[in-house]
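Student: Predicted model, plus sequence, below.
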Amino acid sequence: MIRFSDIAGNPVMDTSTATTIGRIEAPVVDPATRHVVGFRVKKSQGPGNVVLWSALAGLGPDALTVGSAEAVADPPAELKDRSGKKLDLLKRQVLTEHGHPLGKVRDVEFDPSDGRITSLLLKDSFVDGARLLGIGRYAVVVAG
């Protein structure tokens with residue numbers, strides 16, 4: 001498993017030119033599948049600011065690699081809202097489906113092989129990633 005904080009700010013490398021084309025800014029999460037489906041990239045030299053999981057050549061402790069700068073593109077329509085800052089998972093309040101506050105998301109742990117979210121890490125506890133129900137502008141909602 002890997003924590004987002006371990007890769008935040010790391011370079012996004014174009015393997016065809018061996019150059020840095022941006023930096024990892026935030027995970028793009030699909031709450032319906034409970035997976036990281038891509039990453040928002042800052043200072044992108046590609047045609048957009050999102051690299052989809054399917055476009056990754058590799059994800060390691062020192063860099064995220066893609067086959068070309070064109071892999072960092074505008075998100076597809078169905079991910080346009082999800083990839084914006086207003087629906088970031090990090091720093092968002094966590095509420096149960098019954099409205100009980102649990103804390104704020106400090107970090108997210110996921111499987112680097114497929115992007116499956118394994119845990120939402122809070123200040124003094126964690127929430128199993130399988131409990132994730134939704135991400136909104138105000139809060140992250142989890143089962144229980």
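Tutor: Everything's here; your move. Numbering: from 1, shown residues only.
Student: What pLDDT is listed against residue 111?
Tutor: At residue 111, the model reports a pLDDT of 97.
Student: buried residues in the strand ranked longest in the chain?
Tutor: In the chain, taking DSSP state E as the definition, the longest strand is strand 19-30. Neighbour-count burial for strand 19-30 flags 21-30 (criterion: 16 or more other C-beta atoms under 10 Å). Yep, even glycine has a C-beta here, placed from its N, CA and C like the rest.
Student: Specify the angle between the helix or strand following that strand and strand 19-30 in degrees.
Tutor: The helix or strand immediately downstream of strand 19-30 is strand 35-42, counting by DSSP states H and E. Strand 35-42 runs at 140 degrees relative to strand 19-30, counting by axes from the mean of the first three to the mean of the last three C-alpha atoms, to 10 degrees.
Student: Which elements pack onto strand 35-42?
Tutor: strand 19-30, strand 50-52, strand 107-110 (3 or more C-beta pairs under 8 Å, 6 or more residues apart in numbering; DSSP states H and E).
Student: which outside residues touch the longest one?
Tutor: Just to be clear, that refers to strand 19-30. For strand 19-30, contacts defined as C-beta atoms under 8 Å, 6 or more residues apart in numbering pick out 4, 7-14, 35-46, 49-50, 64, 66, 69, 72, 75, 79, 82-83, 85, 88-90, 108, 110, 117, 135.
Student: Please repeat the previous calculation with a cut-off of 6 Å.
Tutor: Strand 19-30 has contacts (C-beta atoms under 6 Å, 6 or more residues apart in numbering) with 4, 7-14, 36-46, 64, 69, 72, 82-83, 88-89.
Student: For this protein, just list every one of the helices.
Tutor: Assigned by DSSP state H, the chain shows helices spanning 4-7.
Student: Give me the distance between the residue nearest the centre of the chain and residue 99.
Tutor: The centroid of the chain falls nearest to residue 27 when counting by C-alpha atoms, centre = their mean (1.4 Å). Distance, residue 27 to residue 99, using C-beta to C-beta, to the nearest Å: 25 Å.
Student: what's the answer for residue 140, then?
Tutor: In terms of C-beta to C-beta, residue 140 sits 13 Å off from residue 99.
Student: and those two? which has more neighbours close in?
Tutor: Between residue 140 and residue 99, counted using other C-beta atoms under 10 Å, residue 140 has the larger neighbour count: 26 against 8.
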